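1. got a predicted structure here, sequence first:
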Amino acid sequence: MEECYSLPSCARHKPCFFPFERDGQPWRKAGIGRRRHWTALHPTATYVRWCRACANLAAAGVSAGDAVLLVSPNGIEFPIAQLAIQLLPATCVAASPFLSPDELVHVMRVGMARWAVVDESVLGVIEKVTTMLPNTLREIWVIGSSSKSHPSFYSLMKTERWAAWPPQVENSSFNPAREVALMQFSSGTTGLTKGVMLSHRNLLTLYMQVKCFVEDVDNKKKASGEPDSEADILSRVLLFIPLHHNYATVTFNFVVTVGGCCVMMKTFSPHSFFNALQKYKITYAPIVPHIANFLLHTPLLKEYDITSLKSLISASAPLPPSTKQALTTRMGCAMRQGYGLTETCAGVATTIPHVYSKMGSVGRVMPYLEVKIVAPESSKGLPPGEEGEVWVRSPAIMLGYANVPGATASPSALKEGGWLPTGDLGHCDHEGFLFITDRIKDMIKVKGFQVSPRELEDVLRRVEGVREVAVIGVPSPRLGEAPRAYVVPLPGEATPSSQVLKDYVAARLPPHKHLAGGVQVVDAIPKNSIGKVLKRRLRDEYLRAEAAKKTAGPPSKL
């Protein structure tokens, strides 16, 4: 494994602090914030802030190996805090600002955080958590308005304590392959979120992967006569994807690598999104499938000038090929698709129109990664074209899950040879393109047949008046499991009846794929903060409703 990859020698005894030099990194801007007014930050000034914040955190008592909780909506303060923590080197425990107190208690216990940097908008929740876990946090720094009871995060950047530049943090006892730099949390679509431990080596691999990928794509574009380099496409990126999520981490690395400018949105809202596209002449925007679906139907598109937009990219969940094609036409820009996991730190595969692209594929495998397809039952490798579970191997693969018995990277999460089973069903073709079919856990077993919810969802999306759809398997005495659909109608259009939807599927698919579990029209489908559908919640709600029916018994006669 070690011989297969070449990482810079600076990775030996230093924490992961993106390998920029003071004047050597060709940044245009570091980022644009989200506070009272939008502010462009010069890269050197941003570097100084990172160093000062790191020095002052150390002066306050934060030590190498400590865990620091970071909870904030998007803003330039987030990467400044994250990189300052990692440079100590301490562990940055990045959590969603939309978590409930109970969920944050879980994060605190898993991450074992003793310090916190939090946004003013979540301070009340954090203070409630401290009453539930007394004597846990030694200090809380607040991003935003000054707090009477807690110091300001901005105070950490006022005094530069380092005389040397760059800061001298080399340590012969430091092992970047084993020290945890960042803890992010899995999506939690099938249970409690798990703390994914990412090492400094993992993050450095991400940087190297992006660097190699950009160089390769640019070389191929140059050879084929494509006009826009990756630096052109990523020159102004609109980022509303939460920075605590790996999707945003990968995106931010791309922006840094090509010297782009990142416009950060606190959260997605339709008018703010289009206003930012127009005002800042955005060239690139990461989205998720439910936002792609919104963009396909919103009338707001006609009200704004978005001609600067060169490309969108969708990740975090499968994007139907029909949606991808329609969005390319409607938005007037290229459409990319990415595939990755929090556990892989880096992206696994991506599509680039005219470079790495094939209908229905999530793209070619990224540098510093290997992918193989195995039979789920036997773990035997399968040839191109055959469907099985996707396994990934890379120096970017996580160390393991934090503080979960039996869930460390070895041997539970990783297989022999360092392979990580993704839990996704898919195949590779002879040209090396990766295709994802569905989550193995989501597959519906109908009379011994394996039914893909994604296939049924793709069919139902073609029904006029359907905006969103999710299909799950529900218990059936006759079938074992039966497909059940949840459908969100398009506003302002006639809502298709359950029978119409059932008949539409029945006319196009074999009997074992019919919607024998029923169809329910709903106002919304539950999702997590990154837009992944929470099918577990749909199943739980269905089972509770069925149990309530049995408890209630037959209606009483008056």
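-> Great, that's in hand.

2. list the buried residues in stretch 229-247.
-> Using 16 or more other CB atoms under 10 Å as the test for burial, stretch 229-247 gives 230, 232-247. Where C-beta positions appear, they are placed from N, C-alpha and C, glycine not excepted.

3. any low-confidence regions in the stretch 251-400 of the chain?
-> Along the stretch 251-400 of the chain, the model assigns pLDDT under 70 to no residue.

4. quick one, helices of it?
-> 270-279, 289-297, 321-331 (DSSP state H, counting those that start in this stretch).

5. between the shortest one and helix 321-331, how big is the angle?
-> Read it as helix 289-297. Angle, helix 289-297 to helix 321-331, by axes from the mean of the first three to the mean of the last three CA atoms, to 10 degrees: 50 degrees.

6. contacting residues around Trp115?
-> With contact taken as CB atoms under 8 Å, 6 or more residues apart in numbering, Trp115 is in contact with Leu57, Val62, Asp66, Ala67, Val68, Leu69, Ala90, Leu137, Arg138, Glu139, Ile140.

7. that older thread, so of the buried residues of stretch 229-247, which ones are in strands?
-> Cross-referencing those against strands under DSSP state E gives Arg236, Val237, Leu238, Leu239.

8. ok, those vs Thr328, which is closest?
-> If you rank those by distance to Thr328 using CB to CB, Leu238 comes first, at 17.8 Å.

9. okay if I get the ones in strands among the buried residues of stretch 229-247 as a markdown table plus distance to Ser149 and pLDDT?
-> Below are those laid out as a markdown table (distance: CB to CB, whole Å; pLDDT from 0 to 100):
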| residue | distance to Ser149 | pLDDT |
| --- | --- | --- |
| Arg236 | 39 | 92 |
| Val237 | 36 | 94 |
| Leu238 | 35 | 94 |
| Leu239 | 31 | 93 |
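
10. pick out the most distant pair among the contacts of Trp115.
-> Spanning the widest gap among the contacts of Trp115 are Ala90 and Ile140, at 15.3 Å by CB to CB.

11. related to what we said a few turns ago, now, among the ones in strands among the buried residues of stretch 229-247, which is nearest to Val110?
-> Closest to Val110 out of those is Leu239 (26.1 Å), distances taken as CB to CB.

12. who does the closest one bridge with?
-> In this entry, Leu239 is beta-bridged to Met264, by DSSP bridges.

13. and it, what does it touch?
-> Listed by CB under 8 Å, 6+ apart, the contact partners of Leu239 are Asn74, Ala248, Thr251, Phe252, Val255, Cys262, Val263, Met264, Met265, Ala285, Pro286.

14. now the buried members of these.
-> Here, 16+ other CB under 10 Å leaves Asn74, Ala248, Thr251, Phe252, Val255, Cys262, Val263, Met264, Met265, Ala285, Pro286 buried among these.

15. which of these lies closest to Ala402?
-> Nearest to Ala402 among these, with distances taken as CB to CB, is Ala248, at 20.2 Å.

16. between Ala90 and Ile140, who's got more neighbours?
-> Neighbours were counted for Ala90 and for Ile140 using other CB atoms under 10 Å; Ala90 has more, 26 against 20.

17. excluding its backbone neighbours, what's nearest the more buried one?
-> Closest residue in space to Ala90, ignoring its immediate chain neighbours: Asp66 at 4.5 Å, by CB to CB, 6 or more residues apart in numbering.

18. could you report the neighbour count for Asp218?
-> 18.

19. in strands, which of the contacts of Trp115 fall?
-> Using DSSP E, these in strands are Ala67, Val68, Leu69, Glu139, Ile140.

20. who touches stretch 347-356?
-> So stretch 347-356 is in contact with 209, 213, 217, 220-221, 224, 226, 250, 311, 313, 315, 334-341, 357-358, 361-366, 369, 371, 392, 422, 433-434, going by CB under 8 Å, 6+ apart.

21. one more time with 6 Å, if that's ok
-> Residues outside stretch 347-356 that contact it (CB atoms under 6 Å, 6 or more residues apart in numbering): 217, 220, 250, 334, 336-340, 357, 362-366, 392, 434.

22. out of the residues you listed, which are buried?
-> For the contacts of stretch 347-356, a neighbour count by 16+ other CB under 10 Å gives the buried set as 217, 250, 334, 336-340, 357, 362-366, 392, 434.

23. just those now: which is nearest His290?
-> Gln337 (14.7 Å).

24. residue contacts, that closest one?
-> Gln337 touches Ser314, Leu319, Thr351, Val362, counting by CB under 6 Å, 6+ apart.

25. could you redo the last one with a cut-off of 8 Å?
-> By CB under 8 Å, 6+ apart, the contact set of Gln337 is Ile313, Ser314, Ala315, Leu319, Lys324, Thr350, Thr351, Val362, Gly363.

26. check Arg236 too.
-> Gly260, Cys261, Val263, Tyr280, Lys281, Ile282, Thr283, Tyr284, Ser308.

27. at 10 Å instead, please
-> Arg236 makes contact with 28-29, 32, 255, 260-263, 276-277, 280-285, 308-310, according to CB atoms under 10 Å, 6 or more residues apart in numbering.

28. among those, which ones are buried?
-> So, by 16+ other CB under 10 Å, the buried ones in the contacts of Arg236 are 29, 32, 255, 260-263, 276-277, 280, 282-285, 309-310.

29. in strands, which of those fall?
-> Secondary structure from DSSP E places Ile32, Cys261, Cys262, Val263, Tyr284, Ala285 of the buried ones among the contacts of Arg236 in strands.

30. ok, so of the residues you listed, who is nearest Ala396?
-> Closest approach to Ala396 among those (CB to CB): Cys262, at 21.7 Å.

31. quick check: that closest one touching Leu234?
-> Yes: applying CB atoms under 10 Å, one finds Cys262 in contact with Leu234, separated by 9.2 Å.

32. overlap in contacts, these two.
-> Joint contacts of Cys262 and Leu234 (CB under 10 Å, 6+ apart) are Thr251, Phe254, Val255, Val256, Tyr284.

33. could you work out the most separated pair of those?
-> Longest distance between any two of the shared contacts of Cys262 and Leu234 is 13.7 Å, between Val256 and Tyr284; criterion CB to CB.

34. which neighbours do the two share?
-> Leu234, Cys262.

35. tell me the pLDDT at the residue nearest to Ala516 when sequence neighbours are not counted?
-> Excluding the flanking residues, the one nearest Ala516 by CB to CB, 6+ apart is Ala482, at 4.0 Å. Ala482 is assigned a predicted lDDT (pLDDT) of 96.

36. one more: Pro79?
-> We have a pLDDT of 90 for Pro79.

37. show me what Val521 bridges to in the sheet.
-> On the basis of DSSP bridges, Val521 is bridged to Val487.

38. got a list of what it touches?
-> With contacts taken as CB under 10 Å, 6+ apart, Val521 has the following neighbours: Val466, Ala485, Tyr486, Val487, Val488, Pro489, Thr495, Pro496, Ser497, Ser498, Leu501.
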